[in-house]
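> how would this look folded up:
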Amino acid sequence: MPTKTKQKTTKPRTTSIQMTEAPSVGSSAGQEKIRCRAYEIYLQHGEQPGHELEDWLQAESELGRSLTLRAQET
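Below is the predicted model:
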């Protein structure tokens, strides 16, 4: 009599990003700037999906440097 074999099904892994800090009062304006810059980066890379996190982190980095330079100038 033939034996039945069970096939394992795997679920795709998902990644979630959680904030580690409480948002500050001015964070929504800052996040909007990051969102806009990340979208610009997305467009520059030919609207290729799958790089959302990298685009967001690059935008954060660029804008963070911009804010640091402005703070040093004052």
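
> elements contacting the least confident helix or strand in the chain by mean pLDDT?
In the chain, no helix or strand scores lower on mean pLDDT, DSSP states H and E than helix 52-73, which sits at a mean of 83. Helices and strands touching helix 52-73, by 3 or more Cβ pairs under 8 Å, 6 or more residues apart in numbering; DSSP states H and E, are helix 27-44. Any C-beta I mention is one placed from the backbone N, CA and C, and that applies to glycine too.

> and the contacts of the helix it packs on?
Outside helix 27-44, the residues within contact range by Cβ atoms under 8 Å, 6 or more residues apart in numbering are Gln48, His51, Glu52, Asp55, Trp56, Gln58, Ala59, Glu60, Glu62, Leu63.

> list the buried ones in the least confident helix or strand of the chain?
For helix 52-73, the neighbour count (16 or more other Cβ atoms under 10 Å) marks Asp55, Trp56, Gln58, Ala59, Glu60, Glu62, Leu63 as buried.

> most widely separated two among these?
Asp55 and Leu63 (12.4 Å; Cβ to Cβ).

> as TSV, the buried residues of helix 52-73 with distance to Gly30 would be great.
What follows is the buried residues of helix 52-73, written out as TSV (distance: Cβ to Cβ, whole Å):
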residue	distance to Gly30
Asp55	16
Trp56	13
Gln58	15
Ala59	11
Glu60	9
Glu62	13
Leu63	8
